[in-house]
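*Asks:* model the structure of this input:
(2 chains)
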Amino acid sequence: GAGVSQSPRYKVAKRGQDVALRCDPISGHVSLFWYQQALGQGPEFLTYFQNEAQLDKSGLPSDRFFAERPEGSVSTLKIQRTQQEDSAVYLCASSFQGWSETQYFGPGTRLLVL
Amino acid sequence: EDKVVQSPLSLVVHEGDTVTLNCSYEVTNFRSLLWYKQEKKAPTFLFMLTSSGIEKKSGRLSSILDKKELFSILNITATQTGDSAVYLCAVDRAGTASKLTFGTGTRLQVTL
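*Replies:* This next block holds a predicted model:
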């Protein structure tokens, strides 16, 4: 596709609910990144995939957060038993290779946990 | 732990003014520094800087990196209302996948 797309764009969840956020990277991009951006802050790294392999998940804040990219293209970030502190914009980015390559960002999913 | 500090946190200028945004960093095994512009949606890429002293330019925007003093500046000349956005600085570390560490951003508002 022309750019990185994410869905849904907005999600309201009740505390304790599970959510799934989807990212479609730019076609042919090997690397995919998830970031969490709290209000008024810069994005913070969550996890990184090279093709289907999750090479770095050091930024995932708890074991309630899980990401997958089973076929090396679309990725899903799942948050189980959501908490209010999970409210943020979740940004997905992709790059051609991931090493010294520019990352291109999607529009993000704004998650609000009530 | 890698650290990126941007200043000022916010800035209001009049259309036509020139602005300079600052980014200082501490990172192990520095590879590159990137600038992004974020309006109410995806951060859009502006510049990637890897070498000291070489200015990168795109229209009214320019940026330069000083690897000795560990900072970068982003200049915008003849500002327009469309330049209003948050400008994010990020650093990339060598030796691992390109895991960007971002600053908190500078919020720029350009008024008529």
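*Asks:* what about the residue in chain A that chain B sits nearest to, which SS state?
*Replies:* Per CB to the nearest CB, A:Gly42 is where chain A lies closest to chain B, at 3.2 Å. (Each C-beta comes from the backbone N, C-alpha and C, glycine too.) Recorded secondary structure, A:Gly42: coil (DSSP: H, G, I helix; E, B strand; the rest coil).
*Asks:* show me which residues of chain A sit near chain B.
*Replies:* Within reach of chain B by CB under 8 Å from any CB of the partner chain, chain A has these residues: A:3-4, A:31, A:33, A:35, A:40-45, A:48, A:50, A:55-56, A:59, A:91, A:95, A:98-108.
*Asks:* who's in contact with residue 22?
*Replies:* All of this refers to chain A. By CB atoms under 8 Å, 6 or more residues apart in numbering or on different chains, the contact set of A:Arg22 is A:6-8, A:74-76.
*Asks:* please go with chain B instead
*Replies:* B:6-8, B:71-73, B:106.
*Asks:* and the furthest pair within those residues?
*Replies:* B:Pro8 and B:Ser72 (14.9 Å; CB to CB).
*Asks:* in chain B, what residue comes closest to chain A?
*Replies:* B:Phe102 (3.2 Å).
*Asks:* roughly how far apart are the spatially most central residue of chain A and B:Ser10?
*Replies:* Centre of chain A computed as the mean C-alpha position; nearest residue by CA atoms, centre = their mean is A:Trp34, 3.4 Å away. Here A:Trp34 is placed at a distance of 27 Å from B:Ser10 (CB to CB, to the nearest Å).
*Asks:* same check on A:Ala20?
*Replies:* For A:Ala20, the distance to B:Ser10 - CB to CB - is 35 Å.
*Asks:* I'd assumed B:Val13 was in contact with B:Thr106.
*Replies:* No: using CB atoms under 8 Å, B:Thr106 is not in contact with B:Val13; the gap is 11.6 Å.
*Asks:* between these two, tell me which one has more neighbours.
*Replies:* B:Thr106 (21 against 16; other CB atoms under 10 Å in any protein chain shown).
*Asks:* mind listing what's buried along stretch A:97-111?
*Replies:* Going by neighbour count (16 or more other CB atoms under 10 Å in any protein chain shown), the buried part of stretch A:97-111 is A:98-99, A:101, A:103-111.
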